[in-house]
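*Asks:* Need a 3D model of the sequence below.
(chains A and B)
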Amino acid sequence: MPTQINKGVVGKEFPPYVVTVERGKLKEFARAIGDLNPFYLDDRVGRASEWGDVIAPPTFPVTFRDEGADTGALLRELGTDISRVLHGEQELEIFRQLAPGESYLCRTKVVDVYEKAGKSGPMAFVVRETAVTDRANEVVATLRHTTVIRL
Amino acid sequence: MKYGKVYVEDVQVGDELPPLVKGPIQQIQLTRYAGASGDFNPIHQDDEFAKAAGMGGVFAHGMLSMGFVAQAVTDWAGAGAVRKLGVRFAALVRLKDVVTCRGRVLSKASKDDVHTAELEVWAENQRGEKVVAGKATVALPSRH
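*Replies:* Residues are numbered from 1 along each chain as shown, chains lettered A, B, ... in the order given. Next comes the predicted model:
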């Protein structure tokens, strides 16, 4: 019996949340990928660079999340759970580099929900967009995350 | 050169990026990636959970493979060069898989002294199956 997906979440905006880019976390992330680029890991190389500090690997902002939020809530609202979800697609756009120690405001909304027949049965796609802005309210990155739900 | 920097004048449409070979994927890397990214979905850690979910066993975070693809791009173009990256996760990456990331220059553009190249990027497993497919846009410095 396939799950019914709740398309009513389209347009839902989550409460904005603040993330702080921690130097150690940024390096831990690069190392977890096995990307030992000195522009991510070596503070001296970072200081001498055009950015004046180490920068983050391109996919780092995808880790931004609202630590205070119940991450299962959206899945429940959609009518599913974590065992049914896969990451289908991810897009990101970077306008300026993240700086260690800086805080950023993230605003996420659900922009689309649609269903499609997949290789292994019916699937629903939930598309969320996040805008990441700095203290000057300039957009530093945008993210588009497509979650696939096996119905 | 391990950490490259390419100039717009040296890039031609059709150029291929040096392949980046990652893996074999081990459970410890998925556990590290979970800790580093905050994505603790048990489907990447707990084989019994993944089997019960009908996935046949644990598999890698899609974002780990996207991180590999991003590394292939920055190893070539330089850290900080990525302006856009968009991928589709085409197939699951399993434990012991070897992931080879590749890319090719699709086009170049210059506007107001900002030079960019659009790339086709992808990653394939040891059987040549695409696991990630997408596009990237990188900013390239000029010699002038």
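*Asks:* And for residue 31, the neighbour number?
*Replies:* By default, I'm working from chain A. The local packing of A:Arg31 (other Cβ atoms under 10 Å in any protein chain shown) involves 15 other residues. The way it works is simple: take the backbone N, C-alpha and C, and place the C-beta from them, glycine included.
*Asks:* hm, I was asking about chain B
*Replies:* By other Cβ under 10 Å, 14 other residues sit near B:Thr31.
*Asks:* what about stretch B:111-129, how long is it end to end?
*Replies:* One end of stretch B:111-129 to the other measures 37 Å (Cα to Cα, to the nearest Å).
*Asks:* is the top helix by length along chain A up against chain B anywhere?
*Replies:* If you go by DSSP state H, chain A has its longest helix at helix A:23-33. Yes: Helix A:23-33 lies within reach of chain B by Cβ under 8 Å from any Cβ of the partner chain, at A:Lys25, A:Glu28, A:Phe29, A:Arg31, A:Ala32, A:Ile33.
*Asks:* Assign the nearest residue to the fifth one once chain neighbours are set aside to helix, strand or coil.
*Replies:* Once flanking residues are discounted, A:Ala32 sits nearest to B:Ala36: 3.7 Å by Cβ to Cβ, 6 or more residues apart in numbering or on different chains. When the structure is split into helix, strand and coil by DSSP: H, G, I helix; E, B strand; the rest coil, B:Ala36 lands in helix.
*Asks:* quick one: contacts for B:Ala36?
*Replies:* B:Ala36 sits next to A:Lys25, A:Glu28, A:Phe29, A:Arg31, A:Ala32, A:Thr63 when contact means Cβ atoms under 8 Å, 6 or more residues apart in numbering or on different chains.
*Asks:* redo that, cut-off 10 Å
*Replies:* By Cβ atoms under 10 Å, 6 or more residues apart in numbering or on different chains, the contact list for B:Ala36 reads A:25-33, A:60, A:63, B:64, B:67.
*Asks:* and if you look at A:Gly118?
*Replies:* A:Leu86, A:Gly88, A:Ala124, A:Phe125, A:Val148, A:Arg150, A:Leu151.
*Asks:* Narrow the residues you listed to those in strands?
*Replies:* Secondary-structure check on those using DSSP state E: residues within strands are A:Leu86, A:Gly88, A:Ala124, A:Phe125, A:Val148, A:Arg150.
*Asks:* Compile these into CSV and extend it with columns for neighbour count, pLDDT and distance to chain B.
*Replies:* Putting the ones in strands among the contacts of A:Gly118 into CSV (neighbours: other Cβ atoms under 10 Å in any protein chain shown; pLDDT from 0 to 100; distance: Cβ to the nearest Cβ, whole Å) gives the following:
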residue, neighbour count, pLDDT, distance to chain B
A:Leu86, 18, 93, 7
A:Gly88, 20, 96, 6
A:Ala124, 25, 94, 16
A:Phe125, 17, 95, 11
A:Val148, 19, 94, 8
A:Arg150, 19, 90, 8
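*Asks:* Closest to B:Cys101 out of those?
*Replies:* A:Gly88 (19.2 Å; Cβ to Cβ).
*Asks:* Not counting its neighbours along the chain, what's nearest B:Leu64?
*Replies:* Spatial nearest neighbour of B:Leu64, excluding adjacent residues (Cβ to Cβ, 6+ apart): B:Tyr33 at 4.9 Å.
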